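A.B. asks: coords below, sequence missing:
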């Protein structure tokens, strides 16, 4: 008889070969390996279940189109996840260390601040549970970004861009005969302001990774961590994939490229081009790069999609999580969300209705995620 100890419970299992127990037998080793894997994934099993539904849909699209589900996204994901993730982890860890060190010196007054900082790192950063959470979150991010990227690249294959004219007219109707970018020009139409809006818009990617890494330190509120992860999976899938396929559109900056009149957005693009001669407007270079990638291989690799705006949707998730953590953090991320909403229009990426739909789907999906987690995860 072999006794295995797991936490505070003793569990007994019989492995007999002849008349003796053999702890090195293949069944025993296999059982231990499965037990370890189950223990590793168990805290996030509900997130993996939701991701499983997404991947079933992605494999179905892959089978229908005959396209490899990884394909041209391998290099992109390898760069983003290995490079950007590593940079953000180092920066976030460095920020936490500096913040904790200042806090100890100002308020705790230990005999040896550096020694105490080392102990804090051992307990809160390099502890096995933290490492397990980190690996799970990185794996979830990889699975989510891979499925999302593949499905997004299939948008023009499944449904060619066809809603841009309708969204432009709806924008103009909602803004009483004016284009939203024209309404924003008196507020944002200054070169330095446009540059700063572009800076904020570019900070979105760093914020996306930073918030995923922030989850690592939410060990005391695992339910909130799961809600944020499930909400991300649902928002990226429902908004960034399903609705993006159904409402396939390219965006104002590509309005003329897809064969429509240049008149609605020629003034905006001319203004941005002029500002780019004074301050760098990285949105223009990115827009050109994405169009070149799409036009050269329109049936294999695409990251162009306007409706709904995932920048806006995820920024709303940033704010919703921030409000649950700290009031001031909530206000900061709400301000960031407003900047992203304005920037998505001002930089030519999105129609105003893209952001409106993003708001309309994100709040319900956040609440639905909380409901799912609360009713399916033991406290």
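C.D. replies: On my side now, so go ahead. All of these numbers come straight from a predicted model, not from anything done at the bench.
A.B. asks: For the rest of this, base every contact and every neighbour count on C-alpha atoms.
C.D. replies: Will do.
A.B. asks: would you list every one of the strands in this protein?
C.D. replies: Taking DSSP state E to define them, one finds strands in the chain at 2-6, 9-13, 16-17, 20-21.
A.B. asks: pLDDT weak spots in the stretch 1-150 of the chain?
C.D. replies: 1-26, 28-36, 38, 70-89, 92 (pLDDT under 70).
A.B. asks: so where do the helices sit in it?
C.D. replies: For the stretch 1-150 of the chain, helices defined by DSSP state H, counting those that start in this stretch occupy the ranges 26-41, 45-65, 73-78, 85-103, 113-124, 128-153.
A.B. asks: quick one: buried residues of the last one?
C.D. replies: Pointing back at helix 128-153 there. 130, 132-134, 136-138, 140-153 (16 or more other C-alpha atoms under 10 Å).
A.B. asks: Tell me the helices and strands packed up against that helix.
C.D. replies: Where contact means 3 or more C-alpha pairs under 8 Å, 6 or more residues apart in numbering; DSSP states H and E, helix 128-153 is packed against helix 45-65, helix 73-78, helix 191-214.
A.B. asks: quick one, what contacts residue 236?
C.D. replies: Contacts for residue 236 (C-alpha atoms under 8 Å, 6 or more residues apart in numbering) come out as 148, 310.
A.B. asks: The same query, at a cut-off of 7 Å, please.
C.D. replies: By C-alpha atoms under 7 Å, 6 or more residues apart in numbering, residue 236 lies in contact with residue 148.
A.B. asks: Check the gap between residue 356 and residue 312 for me.
C.D. replies: 9 Å (C-alpha to C-alpha, to the nearest Å).
A.B. asks: Then residue 55?
C.D. replies: Counting by C-alpha to C-alpha - residue 55 and residue 312 are separated by 24 Å.
A.B. asks: Who has more neighbours out of those two?
C.D. replies: Neighbours were counted for residue 55 and for residue 312 using other C-alpha atoms under 10 Å; residue 312 has more, 28 against 20.
A.B. asks: for the stretch 201-350 of the chain, what are the low-confidence residue spans?
C.D. replies: 218-219, 297-301.
A.B. asks: which stretches of the stretch 251-379 of the chain form helices?
C.D. replies: All helices of the stretch 251-379 of the chain, identified by DSSP H, counting those that start in this stretch, fall at 263-276, 282-296, 310-325, 327-346, 352-376.
A.B. asks: Which positions in the shortest one come out as buried?
C.D. replies: Right, helix 263-276. Neighbour-count burial for helix 263-276 flags 264-265, 268-269, 271-272, 275-276 (criterion: 16+ other C-alpha under 10 Å).
A.B. asks: okay, the residues you listed in CSV with distance to residue 363 next?
C.D. replies: What follows is the buried residues of helix 263-276, written out as CSV (distance: C-alpha to C-alpha, whole Å):
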residue, distance to residue 363
264, 31
265, 30
268, 31
269, 32
271, 34
272, 32
275, 35
276, 35
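A.B. asks: ok, so of these, who is nearest residue 121?
C.D. replies: The closest of the buried residues of helix 263-276 to residue 121 turns out to be residue 276 (C-alpha to C-alpha; 44.2 Å).
A.B. asks: hang on, the earlier thing: relative to residue 107, which of the helices and strands packed on helix 128-153 is closest?
C.D. replies: Closest to residue 107 of those, according to C-alpha to C-alpha: helix 191-214, at 23.7 Å.
A.B. asks: helices or strands up against the closest one?
C.D. replies: The helices and strands touching helix 191-214, judged by 3 or more C-alpha pairs under 7 Å, 6 or more residues apart in numbering; DSSP states H and E, are helix 85-103, helix 327-346.
A.B. asks: got a list of contacts for the last one?
C.D. replies: When you say that, I think you mean helix 327-346. Residues from elsewhere that reach helix 327-346, judged by C-alpha under 7 Å, 6+ apart: 181, 197-198, 201, 311-312, 315-316, 318-319, 322-323, 350-352, 355.
A.B. asks: tell me the angle it makes with helix 191-214.
C.D. replies: In terms of direction (axes from the mean of the first three to the mean of the last three C-alpha atoms, to 10 degrees), helix 327-346 departs from helix 191-214 by 130 degrees.
A.B. asks: Which parts of helix 327-346 count as buried, going by neighbours?
C.D. replies: So for helix 327-346, counting by 16+ other C-alpha under 10 Å, buried means 329-330, 333-334, 336-337, 339-346.
A.B. asks: same deal with stretch 357-371?
C.D. replies: Applying 16+ other C-alpha under 10 Å to stretch 357-371 flags 357-359, 361-363, 365-366, 368-370 as buried.
A.B. asks: likewise stretch 309-326?
C.D. replies: For stretch 309-326, the neighbour count (16+ other C-alpha under 10 Å) marks 309-323 as buried.
A.B. asks: Next: stretch 231-241.
C.D. replies: 231-241.
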